[in-house]
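Asker: Any chance you can model this:
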Amino acid sequence: MSLNEQLKKDFSTLTLALMAVAIVLNIVLGQLVSLLKLPIFLDSIGTVLVALLAGPWAGGLTGLLTNLIWGLISDPVAVAFAPVAMIIGIVAGLCAKYGLFKKWWQAILSGAIITVALSFVAIPIRVYMFGGVTGSGADFVVAYLLATGKDLFSAVLITVISNNLIDKVVTALLAWGIVKGLHQRFTARFPRASAVTE
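Answerer: Below you'll find the predicted structure:
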């Protein structure tokens, strides 16, 4: 299959429409959580959903575009974390591709794998670009750990892994549940969805 054919398959009109809905879902949920200053994010449910239905590249692009658009609309910090959002989509799609979203417990495992992968990108961004403080609810955890004597890198490492582990497990389970609950006629229109639904 040529690259052009693969792109047409991965980015069909239906996939592009799904990506648009997912981007709105990500921003709305992320903005709500940010306003409430919760220590989790819930801003990648749409990204993971696209990754499960349309594959890692569509998922990665959904995450990337979410943060770029979000940054332009209301939250410039989101732009800095666009690579993290992209990694979430790619890794979720790869987990699905290799059969790690067939059962609920595999979705939990996938959430943990996504957390480890994103940590390699998120920790340096949070430490070196923002000094550990990004305006999210997770800042309270960083501040607490710094007050207990942890150095900045350790405080951010613990915060990123603990907060994202909870967040990405919840996100993976929700996305898995949504895909499992979709009508078979709808999921059949996404060739990659069979890695989750069968």
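Asker: Need the pLDDT of Asn1.
Answerer: To be clear, residue 1 is Met; Asn isn't right here. The per-residue pLDDT reported for Met1 equals 67.
Asker: Likewise for Phe140?
Answerer: pLDDT for Phe140: 87.
Asker: ok, and what's touching whatever helix or strand it lives in?
Answerer: Applying DSSP states H and E as the criterion places Phe140 in helix 139-147. Identification of contacts with helix 139-147 by CB atoms under 8 Å, 6 or more residues apart in numbering yields 37, 39, 132-133, 152, 154-156, 158-159, 162-163. Any C-beta I mention is one placed from the backbone N, CA and C, and that applies to glycine too.
Asker: name the helices or strands packed onto whichever strand or helix holds Val196?
Answerer: Following DSSP H and E, one finds Val196 within helix 194-197. The contact analysis (3 or more CB pairs under 8 Å, 6 or more residues apart in numbering; DSSP states H and E) places helix 194-197 against helix 45-54, helix 82-97, helix 152-181, helix 184-187.
Asker: Extract the C-alpha set from the first one and format it as CSV.
Answerer: These are the backbone C-alpha positions of helix 45-54, laid out as CSV (Å, rounded to 0.1, in the frame of the first residue of the first chain):
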residue,chain,number,x,y,z
ILE,A,45,-10.4,11.4,26.0
GLY,A,46,-11.2,12.5,22.4
THR,A,47,-7.6,11.8,21.4
VAL,A,48,-7.6,8.3,22.8
LEU,A,49,-11.0,7.7,21.2
VAL,A,50,-9.7,8.7,17.8
ALA,A,51,-6.6,6.5,18.3
LEU,A,52,-8.7,3.5,19.1
LEU,A,53,-11.0,4.0,16.1
ALA,A,54,-8.7,5.4,13.5
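Asker: Contacts only, for Trp105.
Answerer: Not one residue lies near Trp105 by CB under 8 Å, 6+ apart.
Asker: May I see the buried residues of whatever helix or strand it lives in?
Answerer: Secondary structure from DSSP H and E places Trp105 in helix 104-124. Buried residues in helix 104-124, counted by 16 or more other CB atoms under 10 Å: 106-115, 117-119, 121-123.
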